[in-house]
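Trainee: When you get a sec, could you give me coordinates for this:
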Amino acid sequence: MENPEITASAPDAVMFDRGDLLSPACPSRQVLSHMTSRWGILTLLALGSETYRFGALRRRIGGVSERMLAQTLKQLAADGLVERIAHDTVPPHVEYRTTPMGAEAAEKLRDLADWIEGNLPRIMAHQAEVAGD
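Mentor: Just a heads-up that it's a prediction; the model follows:
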């Protein structure tokens, strides 16, 4: 954020034309932290372009606790990446899906996940080699 172009659109809001992840004061680091946390990345990958109820999403993401998934969804929703859809029914029915921005991010993360999965044998061989030294 050396020379950020800042605009104000609301009395308390500061808007950036672009962030700088390498700057320790840039708010983009918090968004990066939410997206690339253990459960953030898996939540975005699991949602992709689908809509899930909480329980189904939790089952799709193996190993995540209810508390961590709820916290992750709340953070991703606050960042504008996930939408919470509450249906006015009894019992309550809530669904989650990515926003257009979240779907775009999920697509980028899918590329990374595909690369990791495709290179996993090489990565594991290297890990074994290093562990053997």
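Trainee: Helices of this protein, residue ranges please.
Mentor: Assigned by DSSP state H, the helices in the chain fall at 28-36, 38-47, 54-60, 66-78, 100-132.
Trainee: Check those for me and report the most buried one.
Mentor: Highest mean neighbour count among the helices of the chain (mean count of other CB atoms under 10 Å): helix 38-47, with a mean of 21. For every residue, glycine as well, the C-beta is placed using N, CA and C.
Trainee: Can you work out which other helices and strands pack against it?
Mentor: Counting contacts by 3 or more CB pairs under 8 Å, 6 or more residues apart in numbering; DSSP states H and E, helix 38-47 packs against helix 28-36, helix 54-60, helix 66-78, strand 82-87, strand 93-98, helix 100-132.
Trainee: The fourth one versus helix 38-47: what angle between them?
Mentor: Taking axes from the mean of the first three to the mean of the last three CA atoms, to 10 degrees, one finds that strand 82-87 is oriented at 60 degrees with respect to helix 38-47.
Trainee: for the first one, same thing?
Mentor: The directions of helix 28-36 and helix 38-47 differ by 60 degrees, with the same axes, to 10 degrees as the criterion.
Trainee: circling back: distance to Met15 and mean pLDDT for the helices and strands packed on helix 38-47 - can I get that in TSV?
Mentor: TSV is the format used below for these (distance: least, CB to CB, whole Å; pLDDT from 0 to 100):
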stretch	distance to Met15	mean pLDDT
helix 28-36	13	89
helix 54-60	31	97
helix 66-78	16	97
strand 82-87	21	96
strand 93-98	22	96
helix 100-132	15	96
